[in-house]
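>>> what's the 3D shape of this:
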Amino acid sequence: MIKAVVLIAILVGVMALLGWLSISNNASQTTIMIDKNKVQQDAGKAVQKAKDFAEGVEDKVDDAVQYGEPITRWPSVP
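Next up, the predicted model:
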């Protein structure tokens, strides 16, 4: 039970840091709002970055297969 509460608290904190969640408080009520458009935009950016990363990995694998040794930024150690 404690783990679930901690996980939810961390999730809410991350959502607030990313700007997805806002909390407003007045004398009669507290309102929690989730900006669905921001969540969708950020998710779309994350998906695109993952696709770009996968394509980069695919290119490195193709180079390794074609040239027999991967091209890295570290020199080979004899």
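>>> only C-alpha atoms for contact and neighbour calcs from this point on.
Will do.
>>> Buried ones in the longest helix along the chain, by neighbour count?
In the chain, taking DSSP state H as the definition, the longest helix is helix 36-67. By neighbour count, with 16 or more other Cα atoms under 10 Å as the criterion, the buried positions of helix 36-67 are 39, 60-61.
>>> ok now that helix, how far from the chain's centre?
In terms of Cα atoms, centre = their mean, to the nearest Å, the gap separating the centre of helix 36-67 from the centre of its chain is 12 Å.
>>> quick one on the thing from earlier: mind putting the buried residues of helix 36-67 in a markdown table, distance to Ala9 and pLDDT included?
Written out in a markdown table, the entries for the buried residues of helix 36-67 read as follows (distance: Cα to Cα, whole Å; pLDDT from 0 to 100):
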| residue | distance to Ala9 | pLDDT |
| --- | --- | --- |
| Val39 | 18 | 92 |
| Lys60 | 40 | 82 |
| Val61 | 40 | 83 |
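>>> Looking at those residues, which one is closest to Leu18?
The shortest distance between Leu18 and any of the buried residues of helix 36-67, using Cα to Cα, involves Val39 and amounts to 8.8 Å.
>>> Please name the residues that touch that closest one.
Counting by Cα atoms under 8 Å, 6 or more residues apart in numbering, Val39 touches Trp20.
>>> ok now do the closest residue in space to Asp35 that isn't next to it in sequence, which residues does it touch?
Spatially, and ignoring its direct neighbours in sequence, Asp35 is nearest to Trp20 (5.1 Å; Cα to Cα, 6 or more residues apart in numbering). With contacts taken as Cα under 8 Å, 6+ apart, Trp20 has the following neighbours: 34-36, 38-39.
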